[in-house]
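**Student:** Just to be clear, the model below is a prediction. Sequence and coordinates:
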Amino acid sequence: MRFVRLGCFALLAALSFAAQAKMVHRTVEWTLDGTHFKSVLVYDDASSAKRPGLVMVPNWWGVNDVAVQKADMIAGKDYVILLTDMYGENVRPQHGKSEQAQAATKPLYGDRALMRKRMNEALAQLKAQAGTAPIDLSKLAAIGFCFGGSAVLDLARSGADVAAVVSFHGGLTTDDPALATHIKARVLAMNGADDKGTMPDADKFLDEMRGSPAEWQFVVIGHAVHCFTETEENSPGCKYDPVAAARSYRLMHDWLRAAFAGQP
C-alpha cells in the first residue's frame, strides 16, 4: 500500500508539474523610425535550461494566431522564438485579403535597406530578452516563410552575426548581389520545384551565393509549389504539402544543430 501511495504521489506531482509547464507567449514591443512594432516571444517554460534563440518572420499575413501556432510547434523545448512583426502594430493583413498583404510588404520589398534595418532591430530585441528568457546568446539564428524567407536572407546579407538563416519557400531576389560577400551565417534556402513565384529567380540566387564566403545550400523540393509549410493554404500555386513540410523541417533542425555546434 505504501508503494501505491508513493506511486500515486509521484504521478500527481508529475501531472502537477506538467500542468504548470506551458508555452509562453510574451509581447515584445519596440519603436523604430517612428513605427511601433508588436512581436511575440515564444518558448516552453517547462525548463529553465538555456536554448538557441531564433528570429522567426512569418509569411506575408504577418503575426497572427496561425503564425503563433507555427512558432509553438517549431520552438517546442528546443528554441526560444521571437515571432517578428515587420510591418508595425497597426498593419495586420486579414488572411485571404491579398491586396492587404501586398500593401504591407510593398514598402519593404521596395526598400531592402529598410528590410535589413528592421531585421537587425528584431535580432537586437531577441538578444535583449536573454535577461528574462532562457536564451543562449552564443546560439542565434533566423528562420522565415515566404515573405519572411526574403527577410531572413536579407538579414544574412547584412552581415549579421548569427549562426544560420533558414528560408522556407522565400523570395530569392536582392537589391545588391555584392552583399553576399558580407554573409557570415550558414544559409539554407528551400523552395518548391514548381514554385512559379520564386524559382524563376533561382539561377540569379545561385550566382549570388557563389560569391558568398559562407556555407550555403539551396534545396529544391520536387513537386512542391509555393507555401508548402502553410497549413491554411490550398490554392493551385500556394498549397500546403505535409510531406514537403516535414522534410523541410527536418532539414532545418539538422542545419541549425550543425551550425550551433560549428560542424560542417
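**Tutor:** Received, thanks.
**Student:** Let me see the ranges of the strands in the stretch 101-250 of the chain.
**Tutor:** Using DSSP state E, counting those that start in this stretch, the strands assigned to the stretch 101-250 of the chain run over residues 135-145, 164-168, 186-192, 216-221, 234-235, 238-239.
**Student:** Turn these into TSV, columns for mean pLDDT, distance to Gln263 and mean neighbour count.
**Tutor:** Every residue, glycine included, has its C-beta placed from N, CA and C. Converted to TSV, the strands of the stretch 101-250 of the chain look like this (pLDDT from 0 to 100; distance: least, CB to CB, whole Å; neighbours: other CB atoms under 10 Å):
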stretch	mean pLDDT	distance to Gln263	mean neighbour count
strand 135-145	98	13	22
strand 164-168	99	12	29
strand 186-192	99	10	25
strand 216-221	98	14	16
strand 234-235	96	38	10
strand 238-239	98	34	19
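**Student:** Which of these sits closest to Ala151?
**Tutor:** Among those, the nearest to Ala151 by CB to CB is strand 135-145 (5.2 Å).
**Student:** the inter-axis angle of that closest one versus strand 164-168?
**Tutor:** Orientation of strand 135-145 against strand 164-168 (axes from the mean of the first three to the mean of the last three CA atoms, to 10 degrees) gives an angle of 30 degrees.
**Student:** any idea of the angle strand 135-145 forms with strand 186-192?
**Tutor:** Angle between the axes of strand 135-145 and strand 186-192 is 30 degrees (criterion: the same axes, to 10 degrees).
**Student:** coming back round to it: of the strands of the stretch 101-250 of the chain, which is nearest Ala75?
**Tutor:** strand 135-145 (10.7 Å).
**Student:** one step back: columns distance to Thr198 on top of the strands of the stretch 101-250 of the chain, output as a markdown table?
**Tutor:** Converted to a markdown table, these look like this (distance: least, CB to CB, whole Å):
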| stretch | distance to Thr198 |
| --- | --- |
| strand 135-145 | 12 |
| strand 164-168 | 9 |
| strand 186-192 | 5 |
| strand 216-221 | 10 |
| strand 234-235 | 16 |
| strand 238-239 | 11 |
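**Student:** closest to Arg247 out of those strands?
**Tutor:** With CB to CB as the measure, strand 216-221 is the member of these nearest Arg247 (6.6 Å).
**Student:** For the residue lying closest to Arg118 once chain neighbours are set aside, give me its contacts.
**Tutor:** Counting by CB to CB, 6 or more residues apart in numbering, the nearest residue to Arg118 once its immediate chain neighbours are dropped is Met86, at 5.7 Å. Contact criterion CB atoms under 8 Å, 6 or more residues apart in numbering gives Phe37, Val57, Gly62, Leu108, Met115, Arg118, Met119, Ala122, Phe147, Gly148, Ala151 as the residues in contact with Met86.
**Student:** if we go to 10 Å?
**Tutor:** Met86 makes contact with 37, 39, 57-58, 60, 62-63, 104-105, 107-108, 114-115, 118-119, 122, 144, 147-148, 151, according to CB atoms under 10 Å, 6 or more residues apart in numbering.
**Student:** My understanding was that Thr84 contacts Phe37; is that so?
**Tutor:** Yes - if you go by CB atoms under 10 Å, Thr84 and Phe37 touch, sitting 8.0 Å apart.
**Student:** These two: which has the busier surroundings?
**Tutor:** Between Thr84 and Phe37, counted using other CB atoms under 10 Å, the more crowded position is Thr84 (31 against 21).
**Student:** show me the contacts for the closest residue to that one other than its chain neighbours.
**Tutor:** Nearest residue to Thr84, sequence neighbours excluded (CB to CB, 6+ apart): Ala122, at 4.5 Å. In this structure, Ala122 makes contact with 28, 30, 32, 37, 39, 55-57, 82-86, 142, 151-152, 155, judged by CB under 10 Å, 6+ apart.
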